[in-house]
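Enquirer: Predicted structure and sequence below. I'll ask about it afterward.
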There are 2 protein chains.
Amino acid sequence: MREITVDDLPDMARGAAVLGTGGGGDPYIGRLLAQQSIRRNGPVTLVDADEVPDDAVVIPTAFMGAPTVMLEKLPAGTELTAALRALENLIGRRATHTVSIEAGGLNSMIPFSAAAELGLPLVDADGMGRAFPELQMLLPTLGGVSATPMALADERGNNVSLRTLDNSWAERFARSATIEMGCSAAVSLYVLTGRQLKDLMVHGTITLCRRIGAAIREAHERHADPVAAAAGELGGRTVFQGKLVDVRRTTEGGFARGHAVLDGLGTDLGGRMDVSFQNENLVAERDGTVVASVPDLICVLDTDTGEPVTTETLRYGLRVSVVVAPCDPRWRTPEGLALAGPGYFGYDHAYVPV
Amino acid sequence: MREITVDDLPDMARGAAVLGTGGGGDPYIGRLLAQQSIRRNGPVTLVDADEVPDDAVVIPTAFMGAPTVMLEKLPAGTELTAALRALENLIGRRATHTVSIEAGGLNSMIPFSAAAELGLPLVDADGMGRAFPELQMLLPTLGGVSATPMALADERGNNVSLRTLDNSWAERFARSATIEMGCSAAVSLYVLTGRQLKDLMVHGTITLCRRIGAAIREAHERHADPVAAAAGELGGRTVFQGKLVDVRRTTEGGFARGHAVLDGLGTDLGGRMDVSFQNENLVAERDGTVVASVPDLICVLDTDTGEPVTTETLRYGLRVSVVVAPCDPRWRTPEGLALAGPGYFGYDHAYVPV
């Protein structure tokens, strides 16, 4: 158990955006939201998953939507509390803890904001060990936990609650409600007991985010290689360096979808690389051959600074490096691959682990 | 207060489909649903609006969606109870009565099914005095009643609840949830006190439906003019007789939209008539001149039998008559016209009362 102040946030947001593999929302906006809530309400208590009592009522908070839209349609700050309170009313119990459902610049910071506003301890964990675009893609889904009852809230005061047959139906209803809310919404879902949290979530994510974020910053400050530093913390490797020469991106079906074309610098990390994304980076191909795909992590970083580049901020001319890293081993099981492997996203190639 | 048995249903369903002005769902399916519920649970008690205590908890039930789809995707029968129970849970109170939100072949019969299944008395009233395509188009909206909390349920067991800023937002969220449910959903909404019911709903609709339905049947049986009989009961007039020569219809945005072209028989009820619809008939034009428009009633009836023709069953070759009739006077106020007049539906002509 330790206190998190605003000084801890920049490294955490940077590291979270690396784990976010291009998605999970903008780290700058996430950091500002968390910062504002902590300044107003005091530091957030971060607790290890192992410290959470088995009968705790853990209620995650997040933003859902298209990151392309969230860049311009900023949260009002009241939606998160509204979503969590609505879910508490549905279940007739109060949250004892909150937690992040995914690592990502915005969605790792959002629970800090909720924790500060509501006076709840935040658990050092997340539901994916990365970010994924659809809400059923959570390790607790593999463990049989229902995403619903679930509540969505917007900045106007609208509120939608769901109880669905399964977590894929929850994604469908929540996505269409999010679209009506203007392509971004605060959500609260996947009520977990402390026991479920310990058994089914990824432990230590927030701490890992800070470590990654700090490693990048320190390497950059001492003129070392920040991309290599990030790869080291991730247990991954750099597979490409080059320039972004084309990006196609549309906001459709409530997602930011598209692909980026990178032109290699002629080193052994060169060639042409194509990165396809749906909020998050899904597949990286070099000269038509798959180098890495979901559920493994494909992280696009600024070559000079090591700063993670989210899919909504990809633009012509950026000098970037691509780092790939292994996902949580539970994603590599047949059930994990069925939920979030390349086949689910419509790719016909088999999953080849990084 | 009187008991309604299955023998009362055919006339009621027919008359309701006349008031439904082409929408409100298929009368045959509505009748079958009500019939099955009454056979299983016994007759339904119909009470006058004036008999309802001021502090009664009146919860309307209906189906929402595109009638084109409802023709093929039949209700399972469990959705209605699920929607009403979900709404009761949201408000923490039990319904004492149910009522129809709109006249229409399906949506006048649905509350009979709900009343029989749940053992509730049904109030002889509705919220429009006709059918309209969007859920905010209810007289209680003009009286300041909120459509939400609202619950939607489908035949699979999915459940969506709404609390929205206003009734137009309720329509948006409910429509997109209905689309995800396959373009038809059971809904429960507009919780009313007995006092609000008495002040804001249209009284005597169910009785009127039966009277219209019986007048048509009896005129047809004695080889009199069933269309004239319907017009007489509606306080309206026949403006056209002819043959349906073209119909364009798409299911889009969760609605059945389109228009029908009628070719006149050369009498003083002749010429060419165009009828545009969005679930319900919206505007009737003869040779380019508006004859009638929302919020007034435009009813397309089979010329021989007087049977109402819903917009999803319009087809080439039908011999039809068009009857127009005045709407409830509250729809003719500036507020009523803003909610459901021709301007709302994108027509630039002024409203000319029938």
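Expert: Received, thanks. Here the structure is a predicted model, which is why all the values come from computation and not from measurement.
Enquirer: If you tally nearby residues, what's the number for A:P111?
Expert: Other residues lying near A:P111 total 27 when counted by other C-beta atoms under 10 Å in any protein chain shown. No exception for glycine: its C-beta is placed from N, CA and C like everyone else's.
Enquirer: and it, what does it touch?
Expert: A:P111 sits next to A:60-62, A:98-100, A:122 when contact means C-beta atoms under 8 Å, 6 or more residues apart in numbering or on different chains.
Enquirer: what's the residue nearest to A:A214 when sequence neighbours are not counted sitting at in phi/psi?
Expert: On the basis of C-beta to C-beta, 6 or more residues apart in numbering or on different chains, the spatially nearest residue to A:A214 that is not a chain neighbour turns out to be A:D11, at 4.5 Å. Per-residue torsions, A:D11: phi -60, psi -40 (degrees, to the nearest 10).
Enquirer: Using PDB, list the CA coordinates for stretch A:158-170.
Expert: What follows is stretch A:158-170, C-alpha atoms only, in PDB (Å, rounded to 0.1, in the frame of the first residue of the first chain):
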ATOM      1  CA  ASN A 158     -27.700  10.300 -19.700                       C
ATOM      2  CA  ASN A 159     -27.400   6.900 -18.200                       C
ATOM      3  CA  VAL A 160     -27.700   3.400 -19.800                       C
ATOM      4  CA  SER A 161     -27.600   0.200 -17.800                       C
ATOM      5  CA  LEU A 162     -27.200  -3.300 -19.300                       C
ATOM      6  CA  ARG A 163     -27.800  -6.900 -18.200                       C
ATOM      7  CA  THR A 164     -26.900  -9.200 -21.100                       C
ATOM      8  CA  LEU A 165     -26.700 -12.800 -22.000                       C
ATOM      9  CA  ASP A 166     -23.000 -12.800 -22.300                       C
ATOM     10  CA  ASN A 167     -20.100 -10.300 -22.500                       C
ATOM     11  CA  SER A 168     -20.200 -10.200 -26.300                       C
ATOM     12  CA  TRP A 169     -23.800  -8.900 -26.100                       C
ATOM     13  CA  ALA A 170     -22.600  -6.400 -23.500                       C
END
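Enquirer: Going by neighbour count, which residues of it are buried?
Expert: Neighbour counts over stretch A:158-170 (16 or more other C-beta atoms under 10 Å in any protein chain shown) mark A:158-164, A:167, A:169-170 as buried.
Enquirer: Please apply the same query to stretch A:302-311.
Expert: A:302-303, A:306-311.
Enquirer: distance between the ends of that stretch?
Expert: End-to-end distance for stretch A:302-311: 13 Å, by C-alpha to C-alpha, to the nearest Å.
Enquirer: ok, now stretch A:214-234?
Expert: One end of stretch A:214-234 to the other measures 13 Å (C-alpha to C-alpha).
Enquirer: near chain B at all, stretch A:77-84?
Expert: No: judged by C-beta under 8 Å from any C-beta of the partner chain, stretch A:77-84 stays clear of chain B, getting no closer than 9.8 Å.
Enquirer: quick one: contacts of that stretch?
Expert: By C-beta under 8 Å, 6+ apart, the list of residues contacting stretch A:77-84 from outside reads A:33, A:36-37, A:59, A:61, A:95, A:98, A:110, A:113-114, A:117-118, A:151-155, A:157, A:159, A:185-188.
Enquirer: can you count the residues close to A:E155?
Expert: Considering only other C-beta under 10 Å, A:E155 is surrounded by 18 other residues.
Enquirer: any idea how far A:K73 is from it?
Expert: Distance, A:E155 to A:K73, using C-beta to C-beta, to the nearest Å: 8 Å.
Enquirer: Just after the helix or strand where A:A185 lies, pick out the following helix or strand.
Expert: A:A185 is part of strand A:184-188, with elements assigned from DSSP states H and E. For strand A:184-188, the following helix or strand on the C-terminal side (DSSP H and E) is strand A:192-193.
Enquirer: returning to that earlier point: extract the CA atoms of the strand holding A:A185 and return them as PDB.
Expert: Presented in PDB, the C-alpha positions along strand A:184-188 are these (Å, rounded to 0.1, in the frame of the first residue of the first chain):
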ATOM      1  CA  SER A 184     -17.200   8.300 -25.900                       C
ATOM      2  CA  ALA A 185     -18.700   7.300 -22.600                       C
ATOM      3  CA  ALA A 186     -17.700   6.600 -19.000                       C
ATOM      4  CA  VAL A 187     -18.400   3.000 -18.100                       C
ATOM      5  CA  SER A 188     -18.400   0.800 -15.000                       C
END
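Enquirer: Given that strand, what are its sheet partners and their directions?
Expert: Strand A:184-188 pairs in its sheet with strand A:61-65 (antiparallel), strand A:150-153 (antiparallel), by DSSP bridges.
Enquirer: Lowest average confidence across the ones you listed, which one?
Expert: Sorting the strands paired with strand A:184-188 by mean pLDDT places strand A:61-65 lowest, at a mean of 92.
Enquirer: Kindly reformat the strands paired with strand A:184-188 as TSV and extend each row with distance to A:L339.
Expert: Formatted as TSV, the strands paired with strand A:184-188 follow (distance: least, C-beta to C-beta, whole Å):
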stretch	distance to A:L339
strand A:61-65	17
strand A:150-153	18
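Enquirer: With mean neighbour count as added columns, please give those strands in a markdown table.
Expert: As requested, the strands paired with strand A:184-188 are arranged in a markdown table below (neighbours: other C-beta atoms under 10 Å in any protein chain shown):
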| stretch | mean neighbour count |
| --- | --- |
| strand A:61-65 | 28 |
| strand A:150-153 | 27 |
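Enquirer: Get me the contact residues on chain A for chain B.
Expert: Within chain A, the residues that sit near chain B (C-beta under 8 Å from any C-beta) are A:86, A:156-165, A:169, A:172-173, A:176-177, A:179-180.
Enquirer: From those, which land in helices?
Expert: A:86, A:169, A:172-173, A:176-177, A:179-180 (DSSP state H).
Enquirer: Can you select the buried ones among these for me in ChimeraX?
Expert: Paste this into ChimeraX to select the buried members of these, with burial taken from 16+ other C-beta under 10 Å:
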select /A:86,169,172,173,176,177,179,180
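Enquirer: Closest to chain B out of the ones in helices among the residues of chain A next to chain B?
Expert: Using C-beta to the nearest C-beta, A:S176 comes nearest to chain B of those, at 4.2 Å.
Enquirer: Hmm, B:S176 and the closest one touching each other?
Expert: Yes: counting by C-beta atoms under 8 Å, A:S176 touches B:S176, with 4.2 Å between them.
Enquirer: helices and strands around the worst-scoring helix or strand of chain A on mean pLDDT, which ones?
Expert: Across the helices and strands of chain A, mean confidence by mean pLDDT, DSSP states H and E is lowest for helix A:67-70: a mean of 77. Under the contact definition 3 or more C-beta pairs under 8 Å, 6 or more residues apart in numbering or on different chains; DSSP states H and E, helix A:67-70 sits against strand A:237-252.
Enquirer: Tell me which helix or strand comes right after the strand it packs on.
Expert: Under the assignment DSSP H and E, the closest C-terminal helix or strand after strand A:237-252 is strand A:255-264.
Enquirer: Quick check: buried residues in that following strand?
Expert: Buried residues in strand A:255-264 (16+ other C-beta under 10 Å): A:255-262, A:264.
Enquirer: Which residue is the nearest non-sequential neighbour of A:R2?
Expert: Distances taken as C-beta to C-beta, 6+ apart put A:L46 closest to A:R2, at 5.5 Å, once the chain neighbours are dropped.
Enquirer: Over to A:A231?
Expert: Nearest to A:A231 is A:V323, by C-beta to C-beta, 6+ apart, at 4.7 Å.
Enquirer: Tell me the strands beside the helix or strand the one you found falls within, with direction?
Expert: Here A:V323, judged by DSSP H and E, is contained in strand A:319-325. In the sheet, strand A:319-325 lines up against strand A:237-252 (antiparallel), strand A:297-302 (antiparallel) (DSSP bridges).
Enquirer: Comparing those strands, which comes out most buried?
Expert: Across the strands paired with strand A:319-325, averaging neighbours per residue (mean count of other C-beta atoms under 10 Å in any protein chain shown) puts strand A:297-302 on top, at a mean of 25.
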